[in-house]
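Engineer: Predicted structure and sequence below. I'll ask about it afterward.
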Amino acid sequence: MADVHEIKRPENKFPIDIENAPKIVLAGMAFPIPKLGWKHNRVIEPLWSQISAKYSTLAHAWAKLADEARAAEVQGTKVDLGEKVLANFPEIPEELVDKLATIVFVAITRGMPGFSRGEFDNMPFGSMELCSAIPTILAQTGFYVYTPAGGEPPKGEAGAGQ
């Protein structure tokens, strides 16, 4: 007979696979980003729809500057990418950075439920680390499917968000 003081917990029907989850890196720390639940997607998806166009503009600007720097180095010219970015990178609005940070924070809490916003806000990282985390997070929403250039989306997954 069970102890009357024993707390019986229901079986977890939706276990989180932390071990095999892709990771993002912020401030030198790796964070697992398992498939996200509705609790997370109901925050992430609307925020992403508000900032995706601006994010895309910034990502293309970064890629263009990096490509130009690589091309110059191939021709034997030393390029300081950091200096080039500072001189030519478009303005990053505070609202965009705040929404990116919220998306990343909410995604992290799926694999680390006790992680607080205060801890996150005090981590030493920059907006480029937030930007780098976005493709992994969007893939874990289940709504957006990342397809490499010239590649096919995974079997059984919709091509939404492309």
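Structural biologist: Alright, I've got the coordinates. Residues are numbered from 1 along each chain as shown.
Engineer: so which strand or helix has Val106?
Structural biologist: In this structure, Val106 sits in helix 94-111 according to DSSP states H and E.
Engineer: Tell me where this protein has strands.
Structural biologist: 23-26, 29-32 (DSSP state E).
Engineer: how about the last one: buried residues?
Structural biologist: This means strand 29-32. Under the neighbour-count criterion of 16 or more other C-beta atoms under 10 Å, strand 29-32 has Phe31, Pro32 buried. C-beta coordinates here come from the backbone N, C-alpha and C atoms, glycine included.
Engineer: Just the residues contacting it, thanks.
Structural biologist: Here strand 29-32 makes contact (C-beta atoms under 8 Å, 6 or more residues apart in numbering) with Ile18, Glu19, Ala21, Pro22, Lys23, Ile24, Val25, Ile108, Gly111, Met112, Met123.
Engineer: mind running it again at 6 Å?
Structural biologist: With contacts defined as C-beta atoms under 6 Å, 6 or more residues apart in numbering, strand 29-32 is touched by Ile18, Ala21, Lys23, Ile24, Ile108, Gly111.
Engineer: Tell me which two in the residues you listed are the farthest apart.
Structural biologist: The most widely separated members of the contacts of strand 29-32 are Ile18 and Ile24, with 13.3 Å between them, by C-beta to C-beta.
Engineer: With neighbour numbers in mind, choose between these two.
Structural biologist: A count of neighbours by other C-beta atoms under 10 Å puts Ile24 above the other of Ile18 and Ile24, at 23 against 13.
Engineer: Alright, that wraps it up for me.
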